[in-house]
Each structure stands twice: as structure tokens, then as C-alpha cells.
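**Q** got a predicted model here, sequence first, then my questions.
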Amino acid sequence: MRSSNDETEVHLRRLSEKNARYEEHFRSGDFQAMVASFYAPRFHMVFPDRQAVTDHAELAGLFAEYLKTIREVKLDPKVTRFNESCDMAWQLANSMLVPRDGSAPVECRYVVVWRRINGDWFCELDFFAYGFLQ
């Protein structure tokens, strides 16, 4: 069943709201809420310089470590595509990690695979690397 443009727009808004809450949770340091509201029960977060993380508690702890040096995360989605039934999506984006010490932001790019679970969107795969999308 093909989704309508109106339905796609609704889901784009929901993903945009989800990304905004992610940024807010990061700034506030509420990583338990961020991880629980953003990441699916079964997920993979893939890093360029460490092992993949698949556990909510481990990921929340990792973000808490980042908060010691990173003040803010800014997400800038560039492309979002949905499958025909609008229950999965992928997103290509840039992000900036803003350091606490005032040094230059760290440019990153990422791919997120989203799945709609009980009407809400959750990240199943989060892969990021350093440098912006070209």
C-alpha cells in the first residue's frame, strides 16, 4: 500500500520533532530519557572509532561521557526516505558536536534507519562518521 504525500509529511514532522527532542535531551544531560525515547529496544549504534553499542544503559553512559567535553549536538537531516507503507525510513544527515571549551565544532555525518513501532518512530541503526556529507 503506497502512502500519500500528506501521510509522508506527517511522518517527516514527527521525525523532525524526534530529532529536536534528541538535541534537547543532550543539552539537558537526560540521557536515559534520550535513549529510551529515540532508540528502538533492539538497535545498533556504530562509531568510527569504537565497537558498536546495542545496549540502552551502555549508550546512555557513553553519552554522559561525551557531555563532559561536548556541550551540544546539532542535527541537520538532508534526505529522508520512507518505504511504501511508511513504517520504515532512512535519513542522511550532517551533525555538529559543539565542544564545551569553545573550540571549533566537530563535523559529522550519519545515517539513521527508523522503524515505526506502535505509532512512534525509533532508531534501529545509527551510523556516524567524521566529516560532513559531500
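**A** Okay, I see it.

**Q** low pLDDT regions in this protein?
**A** Regions of the chain meeting the criterion pLDDT under 70 cover residues 1-4.

**Q** so how far is the longest helix belonging to the chain from its chain's centroid?
**A** Counting by DSSP state H, the longest helix found in the chain is helix 5-28. Relative to the centre of its chain, helix 5-28 is centred 10 Å away, using CA atoms, centre = their mean, to the nearest Å.

**Q** one more: stretch 37-44?
**A** Using CA atoms, centre = their mean, the offset of stretch 37-44 from its chain centre is 10 Å.

**Q** would you put the C-alpha positions of that stretch in PDB?
**A** Only the C-alpha atoms of stretch 37-44 are listed here, as PDB (Å, rounded to 0.1, in the frame of the first residue of the first chain):
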ATOM      1  CA  SER A  37      12.600   7.800  23.500                       C
ATOM      2  CA  PHE A  38      15.000   7.700  20.500                       C
ATOM      3  CA  TYR A  39      16.400   4.200  20.200                       C
ATOM      4  CA  ALA A  40      14.400   1.100  19.500                       C
ATOM      5  CA  PRO A  41      14.500  -1.800  22.000                       C
ATOM      6  CA  ARG A  42      16.900  -3.600  19.600                       C
ATOM      7  CA  PHE A  43      19.300  -1.100  17.900                       C
ATOM      8  CA  HIS A  44      22.900  -0.700  16.800                       C
END
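
**Q** please begin residue numbering at 622 from this point
**A** That works, and once the first residue is 622, the last one we named lands at stretch 658-665.

**Q** mind listing what's buried along that stretch?
**A** Within stretch 658-665, the residues scored as buried using 16 or more other CB atoms under 10 Å are 659-661, 664. In short, each C-beta sits where N, CA and C put it, glycine included.

**Q** before we move on, what about stretch 632-649?
**A** 632, 635-636, 639-640, 643, 646-647.

**Q** export those to a markdown table and tack on distance to A681?
**A** Formatted as a markdown table, the buried residues of stretch 632-649 follow (distance: CB to CB, whole Å):
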| residue | distance to A681 |
| --- | --- |
| H632 | 26 |
| R635 | 23 |
| L636 | 21 |
| K639 | 17 |
| N640 | 18 |
| Y643 | 13 |
| H646 | 10 |
| F647 | 11 |
